[in-house]
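Undergrad: fold the following for me, if possible:
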Amino acid sequence: MGDAANAFIAVIPARFAASRLPGKPLLDIAGEPMVAHVWRRACESAAQRVIVATDDARIREALAPFDAEVVMTRADHPSGTDRLAEVAERLGLADEAVLVNVQGDEPLIPPQLIDQVAARLFDDPEASIATLAEPIADVGTLFNPNVVKVVRALSGRALYFSRAPIPWDRQAFASRPDWLETDGWLRHIGLYAYRAGFLAQYGDWTPSPLEQLEQLEQLRALHHGHAIQVALAALPNPAGVDTVEDLERVRSLLARNH
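TA: Now for the predicted structure:
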């Protein structure tokens, strides 16, 4: 349990109809559905409440043996943040209530990072969102469109997020990208903290053109002039499950721990 002054709710959006891995939240990992692993990690954080937000009864049924709290949401949400906005509205949360969006495809996420992103939002009351990033250590990761990159201002506020390799090193990339020095490049970790009052606004906005191009929901907030605070993660965050190869890697890791 976290202290009452910095209380937050962890919410795990879990959509059944994933395009690349249909039924992804229910894929088996070490004898349990993926979403159950994420839920357990969130329960190990300081969150005072952990909720799975889904649009599919199969996910609710799969979580029943774990006594997980599940909120059924609409099926037409364009992003996980939109799904959290519905959860905040349905629960009647006060505007200042803090929710942390824990991605449903992160079965290895360290609970400490959930606590860190919530604390970062409490530390910056003028930011609408807090999130995390970590240094990119290799060229392959930098040029991988499945890895989201972020550029920050001196204050730690996000300037932009992209699937492209930003910032673009005009000289090095034109010659030999293996000369890349990685200190200036950051991988975004898709963990978000927001206040319920911000989510109420977010849910009323239509997806922005940049959000639709990049398929990155956080760009909707930047489009509307809201600040996103980006902290460097206190611990390494293992990559989530986007592909079949990712799934097999996580299965292998967790099988050794069971």
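Undergrad: ok, longest strand in the protein?
TA: strand 186-195 (DSSP state E).
Undergrad: quick one: strands adjacent to it?
TA: strand 98-102 (antiparallel), strand 129-135 (antiparallel), strand 149-152 (antiparallel) (DSSP bridges).
Undergrad: which one, of those strands, ends up nearest to F122?
TA: Using CB to CB as the measure, strand 98-102 is the one of those that comes nearest F122, at 7.2 Å. Quick note: C-beta positions are derived from backbone N, CA and C, even for glycine.
Undergrad: contact partners of the closest one?
TA: 6-13, 38, 41-42, 45, 47, 80-81, 84, 87-88, 93, 109, 114, 117-118, 121-122, 191-196, 199 (CB atoms under 8 Å, 6 or more residues apart in numbering).
Undergrad: tell me which residues of the next helix or strand after that strand come out buried.
TA: Using DSSP states H and E, the helix or strand that follows strand 98-102 in sequence is helix 111-123. Neighbour-count burial for helix 111-123, counted by 16 or more other CB atoms under 10 Å, picks out P111, L113, I114, D115, Q116, V117, A118, A119, R120, L121.
Undergrad: now helix 111-123, how far from the centre of its chain.
TA: 13 Å (CA atoms, centre = their mean, to the nearest Å).
Undergrad: can you check stretch 139-154 too?
TA: With CA atoms, centre = their mean, you get 15 Å for stretch 139-154.
Undergrad: what's the model's confidence in that stretch, averaged?
TA: Averaging pLDDT along stretch 139-154 yields 92.
Undergrad: hmm, who's touching it?
TA: Counting by CB under 8 Å, 6+ apart, 133, 136, 158-167, 177-178, 180, 182, 185-188, 190, 216, 230, 242-243 sit against stretch 139-154.
Undergrad: are any of those buried, and which?
TA: Applying 16+ other CB under 10 Å to these flags 133, 136, 158, 160-163, 165-166, 180, 185-188, 190, 216, 230, 242 as buried.
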